[in-house]
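**Student:** here is a sequence together with a model predicted from it:
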Amino acid sequence: MQIGFNFTLGETAPMIRRLIAGGRIDYVELLIDNFLAIPATEIARAFDAPVGLHIMFSKFIERPEDELQALAGRLRAIIRATRPLYVSDHIARFTHQGRHLLHLAEIDYVADFEQVAGRVARWQEMLGCRIAFENYPSIMDGGWDAPDFFRRLTARTGCAVLFDVSNAICANHNCGCPITDWAPVIREARHFHVAGYRPSIGQPAITLDTHDQALADDTRAALATCRDLGPPPDATITYERDDDIDEERIATDLDMLRAIFPRGGQP
Amino acid sequence: MTTDRIIDTDLLDHLTVPARHHELGEGSRAWVRVDTSLRIYWHTLFDICPGLLMLDAPDGRPSDGMSIFRPFMAFAAERALSFDWSYYLWVDVWLSASPFRDRMTMDLRLTLMGAAAARWAITDRGPDVGIVLAARDPYGADPLALPLVAGWKPASMETGREIETLDLDEPLPAPATPFGWFTTRGRDLDSFPGWADLPL
């Protein structure tokens, strides 16, 4: 398993270069939305390591076709220049009746399947590559429908899944859907995410995917489950940290990840 | 709700019309889910513009922000405001017609304009690299009381978005509406395409 770290904006670049130089990470995941105005060649030479491209706000389910075509053209240039390990995106609702949601909303996995599958196929066609779509940190009961949705979506469209381990843990806390329900998806997954979570302020507390905490014990257990389902050696797992950036604590989590997923085989 | 099974989609109206929040029943998971989302709207405003928390409420007591947030969110719901980058400018529009009108300062208004420009620079997915904002003085005394504010998308992997005030050799006309804006493909502001109205 290759281990990576997410890069969202410039200030963490020096730390990421130290993580590369120290052998703690093998690649860098670029939140490519933030760098769209930068020449593709400059993006390609930013780090002395392979990159993954993670798209946050393409809003490909909702964005008008002409805007999506224009965005795809710019992303294709970056894909050509960077030759990424993967391209990933999100299945979520970003607007409601034309109004932007500041907290992403989960789709209706049953009612929206046909529409979303059609847009997934179109978005892959526009980008000219297979896209890995990330599972949502479910809060409400629709989370139970997510594993089967992603299984059907990959079968229908040929897309991949970016399996976010901690998002599945959040869903388990919030709606009860067990990690074992994801086993058929995990067996096929080649790209993973993991991060810390924390409880909400409001009661009863819900679990939020906050990317600001150390990895929890149940997340570590779920990572071992993923390992036991046999990801190939070139599979990737990105450690996401967007807040409370502390290099020492991040290194501790990365070392723990490496202990679960050692180079060259089982621990 | 008529069923025990609630999915996220069932809550979309409650996410965008805060006045309906109470319908979910405080202490329910659905209520907390919407509460968590509304906190993001709150933080998106007050973390970026903390000076708003220093405004005294109309009754003279220190504001905790809710005397601005609640009525503004109701105003936004009535007009179906999109909550894109213009969120902050609509807050200014609301404040300028509210009991807080006389407590607003140029610094606060500039902070809101800077926040709007920054949000455009980080959320816009089009090919333009910059946005220029201008305010019409709501008090009518001086149409150029506030400088132009520009927001630029990150120009390198090492830097973030940039926000600046502009002092042009040739002043631009004041916008006809509370705020005017235009976007640009380059950093050379050698042409003026005219002010667009603040989008809903």
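**Tutor:** Perfect, thanks for sending it. Numbers count the residues shown, from 1 in each chain, chains lettered A, B, ... in the order given.
**Student:** what does stretch A:107-117 rub up against?
**Tutor:** Where contact means C-beta atoms under 8 Å, 6 or more residues apart in numbering or on different chains, the residues beyond stretch A:107-117 that reach it are A:61, A:91-93, A:136, A:142, A:145-146, A:148-149, A:152-153, A:156-157, B:7-9. From N, CA and C alone the C-beta is placed, and that goes for glycine too.
**Student:** please apply the same query to stretch A:120-134.
**Tutor:** A:58, A:60, A:68-69, A:72, A:75-76, A:79, A:86-91, A:150, A:153, A:156-164, A:167, A:189-191, A:193.
**Student:** next, the distance between the ends of that stretch.
**Tutor:** End-to-end distance for stretch A:120-134: 12 Å, by C-alpha to C-alpha, to the nearest Å.
**Student:** report the buried residues of it.
**Tutor:** A:120, A:122-124, A:126-127, A:131-134 (16 or more other C-beta atoms under 10 Å in any protein chain shown).
**Student:** mind checking how far it is from the chain centre?
**Tutor:** 14 Å (C-alpha atoms, centre = their mean, to the nearest Å).
**Student:** mean confidence (pLDDT) on that stretch, please.
**Tutor:** Averaging pLDDT along stretch A:120-134 gives 98.
**Student:** if I look at the residue most central in space within chain B, how far off is chain A?
**Tutor:** Centrality entry for chain B: nearest residue to the mean C-alpha point is residue B:88, 1.2 Å, by C-alpha atoms, centre = their mean. With distances taken as C-beta to the nearest C-beta, to the nearest Å, residue B:88 is found 13 Å from chain A.
**Student:** measure residue B:34 to chain A for me?
**Tutor:** 9 Å.
**Student:** settle this for me: that residue is touching residue B:21, isn't it.
**Tutor:** Yes. If you go by C-beta atoms under 8 Å, residue B:34 and residue B:21 touch, sitting 5.5 Å apart.
**Student:** buried residues in the helix or strand of chain B with the lowest mean pLDDT?
**Tutor:** For chain B, counting by mean pLDDT, DSSP states H and E, helix B:12-16 ranks last in confidence among helices and strands (a mean of 87). Buried positions in helix B:12-16, judged by neighbour count with 16+ other C-beta under 10 Å: B:12, B:14-16.
**Student:** do stretch B:179-190 as well
**Tutor:** Those would be B:179-184, for stretch B:179-190 by 16+ other C-beta under 10 Å.
**Student:** again with stretch A:182-189
**Tutor:** A:182, A:185-186, A:189.
**Student:** quick check, the residue in the stretch 151-267 of chain A closest to chain B?
**Tutor:** Relative to chain B, the nearest point of the stretch 151-267 of chain A is residue A:202 (4.0 Å; C-beta to the nearest C-beta).
**Student:** name the nearest residue to that residue, sequence neighbours excluded.
**Tutor:** residue B:32 (4.0 Å; C-beta to C-beta, 6 or more residues apart in numbering or on different chains).
**Student:** in what helix or strand does the one you found lie?
**Tutor:** Using DSSP states H and E, residue B:32 falls within helix B:29-46.
**Student:** just residue A:14 next, same as before
**Tutor:** helix A:13-21.
**Student:** which other residues reach that helix?
**Tutor:** A:5, A:7, A:25, A:28, A:46-49, A:245, A:247, A:250-251, A:254, B:157-158.
**Student:** so how far is that helix from its chain's centroid?
**Tutor:** Centre-to-centre, helix A:13-21 and its host chain are 21 Å apart (C-alpha atoms, centre = their mean).
**Student:** kindly report the same for stretch A:201-215.
**Tutor:** Per C-alpha atoms, centre = their mean, the displacement of stretch A:201-215 from the mean C-alpha position of its chain is 18 Å.
**Student:** in it, what counts as buried?
**Tutor:** Per 16+ other C-beta under 10 Å, stretch A:201-215 contains these buried residues: A:202, A:206-215.
**Student:** quick one, phi psi at the closest residue to residue B:110 other than its chain neighbours?
**Tutor:** Closest residue in space to residue B:110, ignoring its immediate chain neighbours: residue B:146 at 6.4 Å, by C-beta to C-beta, 6+ apart. Residue B:146 adopts backbone torsions of phi -110, psi 140, taken as degrees, to the nearest 10.
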